[in-house]
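1. Task: produce atomic coordinates for the following.
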Amino acid sequence: MRRIARLDRSIDLLRTRATVQAPSSTYLCTACKHRASPFSTSSARDAKASLTEKLRRKIWGTDSPPGLEDPYGGKSVFDQTKKREWEEQIEEQKAARKLQSQEAKVNSLSKPKYTPATTWDGLETLGYVEDRWAADHLYTPFVPMEVKTDSEEITAALHRAMVEIFALREAGVPLESVSSKMPGRDLTLDVTLDQSPSGPVLKFMGDAAPPLQDLVGSVTGQAQVQAKAVDETAEHEVPTESEEDVAADRSTVDPLHPDAEPAVEESFKKENPTESEEDVDADRTSEDPLHQANSVDVTYEELIASWGPEWLQVSLENPEIKFAVLKRMMQLTGIRIPDAHLNSSKTASALLKLLIIPPKPRKLVDALSQKEDLVTLPNVSIYARRITPVDKERSLGRWKVIEKELEERGLPVTGHEAKRAYI
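-> Reported below is the predicted structural model:
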């Protein structure tokens, strides 16, 4: 059987070509060249890679897998944590040594001579005042501790606040100028508010109404300062001429014979004061004779009626005016209005309803009687006690006839027995 001649394969061609092209410094025979062929199907890079690197490449499916080149050859997480703790401990030791050195330097400094005191004589006092209960050192709150509950007093206080705030606005004074001190005398009794095309205006009633400047001064506190200044100037040491005349009239010493003993009259009676004495008393008094002569006791009800209802319809849409009125109301009455109710108070009348809180009724019948929507219903009646069959018969006009028949038959009219007989 004839043999088929073997053709050169591609691998043999590559081997022969590599053998021919590969330079060699030593002589090799043909058999040795075929045995030690430099041809290989693997790359040269794979020959240098370690087994761990090969596994990582197969796992990730790429020649450049992510992560460390040798994840198992470096330090573990435990070793790194331990090293970090060791470094922190060294830093703490350094800081402690530095602190000790600073304390040693401070202790090495020369200390001043100090002698502790055995008593408090001569020691400096802080936060203590001898006249702690004096009026200058007492705390005066802006809102009074006593809250007003009378409806007429609250109405008068609201009228005063409205007039004072609109007086500041009319005078061109900022509304923030309201004094934080206790309010003085009320000067708004003869002043009210009236509507006009340009807005609310002040209306002065009668000759007793104070001028606008006095109203502004009472609100800003300037009137109190001026009154205090007048009182200080009134305290003088040198007597006036009228006081010297009164002292000379009352003296029992004879100016011509000052050494003589004064004669004492047993029947001495004080007569009417002289004109000079009246002048001195008028100078020393703090009462205004004009206001004192015209002063008349007026009740809150009469005052509210004299002001009329126009001031209650004054608009409070301006937030600045509303805030100033509420601030003054808190200072006068001590009543605080929640912020949630401020938006609903569009007028002085709406604000007055928030200020005047009626007392809670003690009985259910009183609470039901105050509900207008319930009382005005035609088919609803409110009674203070339980309605009995007797009441029903009386409302129909038949009770007198029933009572007469019961008496003629000798039956009880009222009580449990009458109820059984009626049934």
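
2. which regions of the stretch 201-350 of the chain sit below the pLDDT cut-off?
-> The stretch 201-350 of the chain contains residues with pLDDT under 70 at 223-297.

3. do the same with the stretch 51-200 of the chain
-> Ranges of the stretch 51-200 of the chain meeting pLDDT under 70: 68-77, 109-112, 128-130.

4. any chance you could map the helices in it?
-> In the stretch 51-200 of the chain, the segments counted as helices under DSSP state H, counting those that start in this stretch are 51-60, 77-108, 151-171.

5. Flag every buried residue along the shortest one.
-> Read it as helix 51-60. Neighbour-count burial for helix 51-60, counted by 16 or more other CB atoms under 10 Å, picks out Arg56. C-beta here means a position set from N, CA and C on the backbone, and glycine is covered the same way.

6. picking that back up, want to throw the helices of the stretch 51-200 of the chain into CSV with distance to Gly67?
-> Converted to CSV, the helices of the stretch 51-200 of the chain look like this (distance: least, CB to CB, whole Å):
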stretch, distance to Gly67
helix 51-60, 8
helix 77-108, 15
helix 151-171, 79
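
7. out of the ones you listed, deepest packed?
-> Compared across these, helix 151-171 shows the largest average neighbour count, a mean of 21 (mean count of other CB atoms under 10 Å).

8. So which elements touch that one?
-> Secondary-structure packing of helix 151-171 (3 or more CB pairs under 8 Å, 6 or more residues apart in numbering; DSSP states H and E): strand 191-194, strand 201-204, helix 212-220, helix 300-307, helix 319-333, helix 348-355.

9. try it again with 6 Å
-> Applying 3 or more CB pairs under 6 Å, 6 or more residues apart in numbering; DSSP states H and E, one finds that helix 151-171 contacts helix 212-220, helix 300-307, helix 319-333, helix 348-355.

10. Nearest to Ser179 among these would be which one?
-> helix 212-220 (5.6 Å; CB to CB).

11. quick check: angle from that closest one to helix 151-171?
-> 120 degrees (axes from the mean of the first three to the mean of the last three CA atoms, to 10 degrees).

12. Now helix 212-220: buried residues?
-> For helix 212-220, by 16+ other CB under 10 Å, it's 215-220.

13. Then stretch 340-347?
-> Per 16+ other CB under 10 Å, stretch 340-347 contains these buried residues: Ser345.

14. which other residues reach that stretch?
-> 313, 315, 351, 354 (CB atoms under 6 Å, 6 or more residues apart in numbering).

15. can you give me the end-to-end distance of it?
-> Start-to-end span of stretch 340-347 (CA to CA, to the nearest Å) is 16 Å.

16. Can you convert the helices and strands packed on helix 151-171 into CSV and add a column each for distance to Ala367?
-> Below are these laid out as CSV (distance: least, CB to CB, whole Å):
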stretch, distance to Ala367
helix 212-220, 41
helix 300-307, 27
helix 319-333, 26
helix 348-355, 18
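
17. Tell me which of these lies nearest to Lys404.
-> helix 300-307 (51.7 Å).
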